[in-house]
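coords below, sequence missing:
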Ligand code: AMP
């Protein structure tokens, strides 16, 4: 079985990306049922909103190093940059011509991001899910591990694949989402009803994996909670505390129920201290490894190998798609 996933290099990778995505990739790479794993850097998705070219380049390399520092093993996982495999854009266009505007306009992420855009909404912000569908369908991925926020896009991917298969005959594998129960939705530290996002204008809202460890402690200590003073999970009435419980549970692998029991007589300050200790203990070795490899030849070697492997698979698939659709000349 094959699994595939990606992250946009649109800013500093956050704890939400780690807990919602990368930590799962690292666990799944040890699952023997997956004999082929592709993890990519979704740079083409990043340009749906304005990017500074120097920062983007830096973020691409940084994300590659972070994947490795977080524990992805290049002997088991193919890591590559999306824009280095042009078949993604080719199939993305074809899937734009397979989907309908109404379907895309219904995507909640589009609606959210559209509201935040100043200075115009790019066409790409709307059609982004077609490109995401292409990323997945090009490789016949069976499983796509993501956070809950991508579930709707995955459903669209399945619809597009089924529509194409019905019209042109069996071409694409219909992918299954893989959303881990905890960590599927990590929320902002200052507005815990909103998801934690690396593009949040307020850096206090998120923890970057590369934040200074003291800054991380400060951000957790100033996380918005409530005035009740009791620690238990209730997303609706206690979104801040519930978010911290989710974070602690994902990091320590202790269930939320057990954490509630452990902290039932503790105050918020002690609880936050423990959350901060757990996050720092998790991120310290990742940061150390990141700093060791960022400027080593390893990162480029891994990306070159990943590009070659992904191109091999993607080119075979795109040739099949073009042929089925009557595009170009018969081969
Ligand atoms: P993105 O940052 O949009 O490229 O997302 C990369 C991965 O991180 C996807 O699998 C997302 O589902 C996951 N992710 C992003 N934000 C969150 C969040 N707030 N909570 C959990 N997972 C998230």
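Received the coordinates, thanks. Please read these numbers as outputs of a predicted model, since none were measured by experiment.

Quick check: buried residues in stretch 273-288?
By neighbour count, with 16 or more other CB atoms under 10 Å as the criterion, the buried positions of stretch 273-288 are 274, 275, 276, 278, 279, 282, 283, 286, 287. (Each C-beta comes from the backbone N, C-alpha and C, glycine too.)

In the protein, which helix is the longest?
In the chain, taking DSSP state H as the definition, the longest helix is helix 297-325.

avg pLDDT for it?
Per-region confidence: helix 297-325 scores 98 on mean pLDDT.

same question, stretch 37-51
Averaging pLDDT residue by residue across stretch 37-51 gives 95.

can you check stretch 105-114 too?
Summarised as a single mean, pLDDT over stretch 105-114 is 90.

How about that stretch and the ligand, touching?
No. In this structure, stretch 105-114 remains apart from the ligand according to CB under 6 Å from any ligand atom; the gap is never smaller than 8.1 Å.

Same question for stretch 146-155.
Yes. Interface with the ligand: stretch 146-155 contributes 146, 147, 149, 150 (CB under 6 Å from any ligand atom).

Next, give me the two most distant ones among these.
Of all pairs drawn from these, the widest gap by CB to CB lies between 146 and 149 and measures 7.6 Å.

which among the buried residues of stretch 273-288 gets closest to residue 205?
Each of the buried residues of stretch 273-288 was checked against residue 205 using CB to CB; the closest is residue 279, at 15.0 Å.

ok, now which ones touch the residue nearest to that closest one when sequence neighbours are not counted?
Distances taken as CB to CB, 6 or more residues apart in numbering put residue 216 closest to residue 279, at 5.8 Å, once the chain neighbours are dropped. Taking CB atoms under 8 Å, 6 or more residues apart in numbering as the definition of contact, the neighbours of residue 216 are 207, 276, 279, 280, 283.

how about residue 37, phi and psi?
phi -130, psi 130 (degrees, to the nearest 10).

Neighbours of the residue nearest to it when sequence neighbours are not counted, how many?
Excluding the flanking residues, the one nearest residue 37 by CB to CB, 6+ apart is residue 77, at 4.5 Å. Number of residues near residue 77 (other CB atoms under 10 Å) recorded here: 22.

how close does residue 77 get to the ligand?
Taking CB to the nearest ligand atom, to the nearest Å as the criterion, residue 77 is separated from the ligand by 15 Å.

Repeat that for residue 329.
37 Å.

pLDDT at that residue, what is it?
According to the model's per-residue confidence, residue 329 sits at a pLDDT of 91.

What's the local residue count around it?
Using other CB under 10 Å, residue 329 has 7 other residues around it.

A helix includes it, no?
No. When the secondary structure is assigned by DSSP: H, G, I helix; E, B strand; the rest coil, residue 329 falls in coil instead of a helix.

And it, how close does it get to residue 169?
When CB to CB, to the nearest Å is the yardstick, residue 329 and residue 169 sit 19 Å from each other.

cool, residue 248 as well?
As defined by CB to CB, residue 248 lies at a distance of 49 Å from residue 169.

just residue 159 next, same as before
17 Å.

Brilliant, that's me finished.
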